[in-house]
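**Student:** Provided below for reference: sequence and predicted model.
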Amino acid sequence: MFGHLRGHLRERRRFAALTAAVAAVLAALLPATPAAAETKQPEWTGTWATAQHASYDPGTSEVTVRIPVRVSAGGSSVRIRLTNAFTTEPVTIGHATVGRSDGGSAVAKPYELRFGGKDEVTIPAGEQAVSDAVRVPVPARSDLVVSLYFPGRLTHISQHWMGLQTIYWTPDGGGDHASDAAGDAFTRTDSTFPFLTGVDVRGGDTAGSVVALGDSITDGASSTANANRRWPDYLAGRLSACSSTAGVLNEGISGNRITAGVDGNPSVLDRLERDVLSQPGARTVVLFEGVNDLSWGGATGDQVIDGMKEIARRAHTRGLRVIGATVVPYRGWGDWWTEAKEADRQKVNAFVRDSGGVFDDYADFDKAVRDPEDPTRYAAAFDSGDHLHPNDTGMKAFADAVDLTTLGAARDCPSTRVRLTPYRPSVQDGDPGTKITATVTNDGRSAATNIRTRLDLPAGWSADPAGGARIRTLAPGESSTVTWTVTPGSDAVWGTHPLGVRSSYRQDGRQRFDTDKVDATVTPVPSGVQAPYLTTATTTDAQYAQNGDQFAIWAGGQDLSGWKDEKAVIHLPGAAPASGSVTARVVGQTGSGPSAKAGIAVANDLTAPEKGGYAVLTMSAQFGLEFLTDSDGDGELDTWAGGGSSYHPAWLKLVRDGAEYTAYASADGTAWQQVAAATVPSASGDGDAGLVASAVNLNHPGQTTTAVFDSFSTTK
């Protein structure tokens, strides 16, 4: 009986095995069912990245950092990548979250991040950590915020130092605020990216990612901070108009070179695997390096070309496309340019343009920004002023120089583009109008038809086109223009205002569109101030203007300390409380020497500083903060404190408690840093408070300064 049963079981096993084998063959031959297809997760694509390259000791404990990032591609799930690459000690992340930005350091809804199912992760020295996926809808070109809490003593930070982005920290001992929606706990700021090296998405319409591999220009040097105006940001904007977009990863490091590296700044060849070849979903790399090698790095053109060939070979081996970018002009950047180095630059650029198959294509960044009258220099419209790094407009010109069809990532991209000029239109308050021109160019292989162009203006502005804003047809390679006379609204505030253009057209049987945007600057003209504000000056060329809560001062003056007290002031008598504060924001300062000052002035009587209580807190044009006080009541500013880097806009605050003055400064009006404290024995009662400017032209004779303020207040 038992023998019969065993035989029966053996037959059943043979049948089951045969059935499984047949099922396996059928499964291999037949298409996957929807249920089976759903079990396969889509691949990750990098949507934001930065190249970590150095470390420092922050000297802090129990802190949380909040890191805003602008993603390129979108998706339905997100994860983050952290690195501890440039340290010798492990680091512990006790809590991490990610969520949509709600402005500044606030988060709309923080989502918990875990690492292998755990809230906490310890990253050994030189290693990385990747979070688990979290389902968060991430629109393309949106702002996320990553929050990291560090329990205990934070002994070091692995960083990317040129963030061009305000990073928010809690104070020392602030504790875990990673899950906070509000940003009130984050009272300290800096601009370096700590530990975070990548953000990835999946579940979107991306077709891989493009890696921008470069130096300080790619890193965004001289572009507007907190505005995402690096050339990779502009490239991501162009790709967002494609039917299937791509992530754009910024792997620029200031001072980076192809041919050599230093401690804290590895060469391109040394970091290629980490920063390019291992990036999730990477399809293409745009190689934009060489200017540091040729200018101050001591490399020859042949050495740069050899390095480019090695980079391309390694990238091609891993299946990536390689787009070479020409080296930009740099004559006038310090003393680095020579005729011999220019010959090397031209040699490298000739190779990039005709590499014999080393590159899959090229982007002519040199041509995009060079001066047609002197190709060894930047054109003025694109130069930030240091003759190496482009301004925001130059950054956009680089992105425009990339042929999207060569990237092998995004699909079905628009080939007819619209661009506005001038790149930085300036309109004086009360001006009758400024000419703005939209140029539509067909870069495609077929005609574009029924082209309609619309200018988008701030509320209250007007625009009159010269002729029609419709173009019937544009053949491949053709361009056409539409020009408007633009007039700002009567109540337009001073400062920048976005002007946009949208061009719609039909091409290849489809309705398409393209857009562009420039910042028009409304500048003040002298017009006086309104009561209760008064003016006083100790320089003969002072002028003033007021536009609601905005103020402007034009002033000369040799100095504003010691034996010179030459300045122009807009003030309120009796507004400086004996116990309270005076606050102002300096928006900008132009047309002046490096020591020119603009900020807050207080005194018992600002028309007669010798009556006591005299103190000034300013941001200088180039030499940082300056806090000057009168220690003996003779009307001369004879004590000084301050220094550091200059920045605009700058929030300045003087807090007074009788004769004790404390000076503070802030980049955002939220996180305040103490500058210094001083005793002004002659201060008595409520004094005058006002806004002050001085050109400090003792060593720069004849110069004047224009200082613009957009906030002034006093509190008791």
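**Tutor:** Ah, there it is. All of these numbers come straight from a predicted model, not from anything done at the bench.

**Student:** what about the spatially most central residue of the chain, distance to residue 248?
**Tutor:** In the chain, the residue lying closest to the centroid (Cα atoms, centre = their mean) is residue 228, at 3.7 Å. Distance of residue 228 to residue 248, computed by Cβ to Cβ, to the nearest Å: 11 Å. In this view, the C-beta of every residue, glycine as well, is placed from N, C-alpha and C.

**Student:** Which parts of the stretch 201-350 of the chain are helices?
**Tutor:** 216-219, 231-239, 268-272, 291-295, 301-317, 339-353 (DSSP state H, counting those that start in this stretch).

**Student:** right, so of those helices, which gets closest to residue 712?
**Tutor:** helix 231-239 (33.7 Å; Cβ to Cβ).

**Student:** Show residues contacting the closest one.
**Tutor:** 70, 72-73, 141, 210, 212, 217-218, 220, 245-250, 252, 390, 395-396, 398-400, 402, 404, 409-410, 413 (Cβ atoms under 8 Å, 6 or more residues apart in numbering).

**Student:** Check which residues of stretch 450-459 are buried.
**Tutor:** The neighbour-count check on stretch 450-459 (16 or more other Cβ atoms under 10 Å) flags 451, 453-455, 457 as buried.

**Student:** Show me which of these is closest to residue 165.
**Tutor:** residue 457 (29.0 Å).

**Student:** Now do the same contact list for the closest one.
**Tutor:** Residue 457 sits next to 463, 486, 499 when contact means Cβ under 8 Å, 6+ apart.

**Student:** same question, residue 373
**Tutor:** Residue 373 neighbours (Cβ under 8 Å, 6+ apart): none.

**Student:** Let's see that with 10 Å instead.
**Tutor:** residue 379 (Cβ atoms under 10 Å, 6 or more residues apart in numbering).

**Student:** Then the one 4 residues further on?
**Tutor:** Residues counted as contacts of residue 377 (Cβ under 10 Å, 6+ apart) are 329-333, 337, 369-371, 383, 387.

**Student:** how about these, which pair is most distant?
**Tutor:** Distance extremes for those: the farthest pair is 337 and 369 at 15.4 Å, using Cβ to Cβ.

**Student:** Which neighbours do residue 228 and residue 248 have in common?
**Tutor:** Looking at what touches both residue 228 and residue 248 (by Cβ under 10 Å, 6+ apart), the common residues are 72, 234, 236-237.

**Student:** Residue 114: what's its closest spatial neighbour, skipping adjacent residues?
**Tutor:** Distance criterion Cβ to Cβ, 6 or more residues apart in numbering; nearest residue to residue 114, sequence neighbours excluded, is residue 132 at 4.8 Å.

**Student:** ok, residue 436 to residue 674 distance?
**Tutor:** For residue 436 relative to residue 674 (Cβ to Cβ), the value is 45 Å.

**Student:** out of these two, which sits in the busier spot?
**Tutor:** residue 436 (23 against 11; other Cβ atoms under 10 Å).

**Student:** which ones are touching the more buried one?
**Tutor:** Counting by Cβ under 10 Å, 6+ apart, residue 436 touches 420-422, 425, 427, 455, 457, 463, 465, 482-486, 499, 501, 518, 520.

**Student:** can you rerun that using 7 Å?
**Tutor:** Residues in contact with residue 436, defined by Cβ atoms under 7 Å, 6 or more residues apart in numbering, are 420, 425, 484, 486, 499.

**Student:** Flag every buried residue along whatever helix or strand it lives in.
**Tutor:** Per DSSP states H and E, residue 436 falls inside strand 434-442. Across strand 434-442, burial judged by 16+ other Cβ under 10 Å covers 434, 436, 438-442.

**Student:** likewise stretch 513-530?
**Tutor:** 514-516, 518-520, 522-524, 529.

**Student:** who has more neighbours, residue 337 and residue 369?
**Tutor:** Comparing residue 337 with residue 369 by other Cβ under 10 Å, the one with more neighbours is residue 369, at 23 against 20.

**Student:** Can you list phi and psi of the more buried one for me?
**Tutor:** Backbone torsions for residue 369, taken as degrees, to the nearest 10, come to phi -120, psi -10.

**Student:** Spit out the contact partners of it.
**Tutor:** Residues in contact with residue 369 (Cβ under 7 Å, 6+ apart) are 328, 378-379, 382, 390, 394, 397.

**Student:** which of these lies closest to residue 149?
**Tutor:** Among the contacts of residue 369, residue 390 lies closest to residue 149 (Cβ to Cβ), at 37.7 Å.

**Student:** From the structure, what's the count of residues near the closest one?
**Tutor:** Residue 390: 29 neighbours (other Cβ under 10 Å).

**Student:** surely it meets residue 382?
**Tutor:** Yes: using Cβ atoms under 7 Å, residue 390 is in contact with residue 382, at 5.0 Å.

**Student:** Confirm residue 483 sits in a strand?
**Tutor:** Yes: looking at residue 483 with DSSP: H, G, I helix; E, B strand; the rest coil, it is inside a strand.

**Student:** beta partners of it?
**Tutor:** Taking DSSP bridges as the rule, residue 483 bridges to residue 437.

**Student:** if I pick it, what's in contact with it?
**Tutor:** Residues near residue 483 by Cβ under 7 Å, 6+ apart: 435, 437, 466.
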